[in-house]
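Peer 1: no letters, just coordinates:
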């Protein structure tokens with residue numbers, strides 16, 4: 001591409017249950033329209049930051065880990081002690 005870009009996405013990241021290949025099981029994933037776009041931009045080489053709020057629960061931790069895995073910065077994600085995703 002040659003050019004670099006920095007993008008901040010504002011939105012809500014959600015936990016998503018989807019069917020597993022195994023019968024009667026579900027997989028827990030991380031998704032949401034702005035999160036999916038943030039991941040796509042990061043994969044294209046853009047510097048990506050997400051602006052949102054999450055709790056301090058396990059689900060919020062899973063979202064933070066997904067952001068790290070996909071190179072989406074979370075320095076603008078506020079932690080609200082009593083909040084949960086979704």
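Peer 2: Looks like it came in fine. In this text the structure is predicted, and so the values were computed from the model without any measurement. Numbers count the residues shown, from 1 in each chain.
Peer 1: helix, strand or coil for residue 24?
Peer 2: Secondary structure of residue 24, reduced to three states by DSSP: H, G, I helix; E, B strand; the rest coil: coil.
Peer 1: and the strands in the chain?
Peer 2: Assignment of strands within the chain using DSSP state E yields the ranges 6-10, 14-19, 26-31, 47-54, 72-79.
Peer 1: got a pLDDT number for the residue of the chain most remote from its centre?
Peer 2: Among the C-alpha atoms of the chain, the one most distant from their mean position (Cα atoms, centre = their mean) is that of residue 23, at 27.2 Å. The pLDDT attached to residue 23 in the predicted structure is 74.
Peer 1: give me the beta-bridge partners of residue 30?
Peer 2: On the basis of DSSP bridges, residue 30 takes part in beta bridges with residue 15.
Peer 1: before we move on, what about residue 6?
Peer 2: Listed beta-bridge partners, residue 6: residue 47 (assigned using DSSP bridges).
Peer 1: ok, residue 73 next?
Peer 2: residue 49.
Peer 1: ok, it - contacts?
Peer 2: For residue 73, the contacting residues are 47-50, 67, by Cβ atoms under 8 Å, 6 or more residues apart in numbering. Placement of C-beta: from N, CA and C, glycine included.
Peer 1: buried subset of those residues?
Peer 2: If you count burial by 16 or more other Cβ atoms under 10 Å, the buried members of the contacts of residue 73 come out as 48-50, 67.
Peer 1: and the residues you listed as a markdown table, adding pLDDT and distance to residue 57?
Peer 2: Conversion of these to a markdown table gives the following (pLDDT from 0 to 100; distance: Cβ to Cβ, whole Å):
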| residue | pLDDT | distance to residue 57 |
| --- | --- | --- |
| 48 | 97 | 24 |
| 49 | 97 | 22 |
| 50 | 96 | 18 |
| 67 | 97 | 16 |
